[in-house]
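K.L.:
Here is my input; please provide its structure:
(4 chains)
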There are 2 protein chains.
Amino acid sequence: MSHTSGVRQAQKEKTRRALLDAGLRLLEDQSLSSLGLREVTRVVGVAPAAFYRHFRDLSDLGVALVEESLGSLHALIRAILADQIGDQERIEATVEAVAEQVRRYPAHIRFIARERHGGVRPVREAIAAELDRFADEVADSFAPQLTPEGWSAEDIRILAQMYVDHMVMTATAFLEVPPDCPEEEHRVADTARKQLLLISLGRRHWRDG
Amino acid sequence: MSHTSGVRQAQKEKTRRALLDAGLRLLEDQSLSSLGLREVTRVVGVAPAAFYRHFRDLSDLGVALVEESLGSLHALIRAILADQIGDQERIEATVEAVAEQVRRYPAHIRFIARERHGGVRPVREAIAAELDRFADEVADSFAPQLTPEGWSAEDIRILAQMYVDHMVMTATAFLEVPPDCPEEEHRVADTARKQLLLISLGRRHWRDG
DNA sequence: TCATTCAGTAAACATCTGTTTGCTGACTTT
DNA sequence: AAAGTCAGCAAACAGATGTTTACTGAATGA
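P.N.:
Purely as a prediction, here's the structure:
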């Protein structure tokens, strides 16, 4: 029988965190496939061999970062979808939430954007799977309203995917705004709102195209 | 005075092409920041030092690949925009053109998708600049029709950007289809068409939202 | 024809990489 | 208190990396 928290396990978890944090930091200006194992351990201040006590290799660390990065986004989406409000307010809330997420966890968002189509297969697949789950969830939340309007399940799913893709797009757009440049930030937010409005309009007139 | 084509220059151009081709091939399963200079020269069958006769470094080669990759896409977009046809047909033509482009130059498209948010700044910036030019061009082609309908230049530009982003999105979606799987390919095309239709609907009802 | 140019070469450079090995010593269990 | 576990270490490994150097020899220009 093993305790879930002893001094032992706590220390281990601490170094694991340090490795993840160091990795995330280094990944701000390079991509995962060029990240070195020694590079990470050097930042943490630990011997290279210690890395293997926590991860099989770097792509393993990458997959862990994916779950961490998209975990918080997941909670955020749930919250927005839960609020039963009008289109206009929902758009406002969504864009603001994305902006806030980017402000709070820029490195996580950058990591996702970079590795979504990056050179490391397992990481790419982990991101794709997670984003698919997002789209499913959004589709589920749309179904009660759209199905009675005559929407097919497939079309609802397509719409949901569009919202998810747009969210990722908006997040990366915020990311490219130079720091402390609220003007550009407002421009990005404005663009995002208008694009969401356009999608909403399209959705409203879908059945009478 | 130097001739623009001697046996000399022709050979040089030939090696340059070989380097670009080798790079592009290697970049199908890795990203630019992890690509090695020696790796490229090895494939070409040339000494490592020869690389420097053509490119300052790998990101220089990357920038050259950006221009090459987006050059053909540019011509393609022009062609679609030039045809003055209805929404429905335009959507059909656009999706088919993107599909064809991906079939013809998968490596180029993959490269763009991968490096758009990749770890090499100059390449990222080159892609962003080129996509911006795309959006400008699309906006210009929309202006004659939309301006009389009361659209502002800013809103036209936002719409154009949406189309460009969607095109890139569709291209990468085609890319993720396993080879020789026409079923999945049709599904992606269908999704793309419906999303474009949705945007069209939104556009038509923009001023009476 | 002869001097020049320059794409490509071979070799050496210092430096970095991932991974394996056997070991230590603090924590944990009995 | 004794036995066992196991996170982290130091060292060594073979091999790869980017870059510089002085060079060769074929295409070029006068």
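K.L.:
Next up, identify which helix or strand A:Leu81 is on.
P.N.:
helix A:58-82 (DSSP states H and E).
K.L.:
cool, A:Ala173 as well?
P.N.:
In the assignment (DSSP H and E), A:Ala173 maps to helix A:153-175.
K.L.:
So which other helices or strands are in contact with that helix?
P.N.:
On a contact count with 3 or more CB pairs under 8 Å, 6 or more residues apart in numbering or on different chains; DSSP states H and E, helix A:153-175 meets helix A:87-104, helix A:106-115, helix A:121-146, helix A:182-204, helix B:153-175, helix B:182-204. Bear in mind the C-beta positions are built from the backbone N, C-alpha and C, glycine included.
K.L.:
Is it possible to get the ones you listed out as a markdown table so that each row also shows mean neighbour count?
P.N.:
Listed next are those as a markdown table, based on neighbours: other CB atoms under 10 Å in any protein chain shown:
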| stretch | mean neighbour count |
| --- | --- |
| helix A:87-104 | 16 |
| helix A:106-115 | 23 |
| helix A:121-146 | 17 |
| helix A:182-204 | 18 |
| helix B:153-175 | 20 |
| helix B:182-204 | 18 |
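K.L.:
want to throw those into a markdown table with mean pLDDT and distance to B:Ser34?
P.N.:
Below are these laid out as a markdown table (pLDDT from 0 to 100; distance: least, CB to CB, whole Å):
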| stretch | mean pLDDT | distance to B:Ser34 |
| --- | --- | --- |
| helix A:87-104 | 95 | 26 |
| helix A:106-115 | 98 | 12 |
| helix A:121-146 | 97 | 13 |
| helix A:182-204 | 98 | 30 |
| helix B:153-175 | 98 | 19 |
| helix B:182-204 | 98 | 28 |
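K.L.:
Export these as TSV, with columns for distance to B:Leu27.
P.N.:
TSV is the format used below for the helices and strands packed on helix A:153-175 (distance: least, CB to CB, whole Å):
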stretch	distance to B:Leu27
helix A:87-104	28
helix A:106-115	15
helix A:121-146	14
helix A:182-204	30
helix B:153-175	13
helix B:182-204	23
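K.L.:
And those: which comes nearest DNA strand C?
P.N.:
helix A:121-146 (13.8 Å; CB to the nearest atom of the strand).
K.L.:
Check whether the closest one comes near DNA strand C.
P.N.:
No: Helix A:121-146 lies apart from DNA strand C when judged by CB under 7 Å from any atom of the strand; the minimum separation is 13.8 Å.
K.L.:
quick one: contacts for the residue nearest to A:His205 when sequence neighbours are not counted?
P.N.:
Distance criterion CB to CB, 6 or more residues apart in numbering or on different chains; nearest residue to A:His205, sequence neighbours excluded, is B:Leu201 at 4.7 Å. With contact taken as CB atoms under 8 Å, 6 or more residues apart in numbering or on different chains, B:Leu201 is in contact with A:201-202, A:205-206, A:209.
K.L.:
JSON lines please, covering these and showing distance to B:Gly119.
P.N.:
Shown next, in JSON lines, are those (distance: CB to CB, whole Å):
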{"residue": "A:Leu201", "distance to B:Gly119": "38"}
{"residue": "A:Gly202", "distance to B:Gly119": "36"}
{"residue": "A:His205", "distance to B:Gly119": "42"}
{"residue": "A:Trp206", "distance to B:Gly119": "40"}
{"residue": "A:Gly209", "distance to B:Gly119": "43"}
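K.L.:
and which of the residues you listed is nearest A:Leu131?
P.N.:
A:Leu131 lies nearest to A:Gly202 out of those, by CB to CB, at 21.5 Å.
K.L.:
That closest one against B:Gly202, yeah?
P.N.:
Yes: proximity of A:Gly202 to B:Gly202 meets the contact threshold set by CB atoms under 8 Å, at 3.6 Å.
K.L.:
quick one on the thing from earlier: which pair in the contacts of B:Leu201 spans the largest distance?
P.N.:
Between all members of the contacts of B:Leu201, the farthest pair (by CB to CB) comes out as A:Leu201 and A:Gly209, at 12.1 Å.
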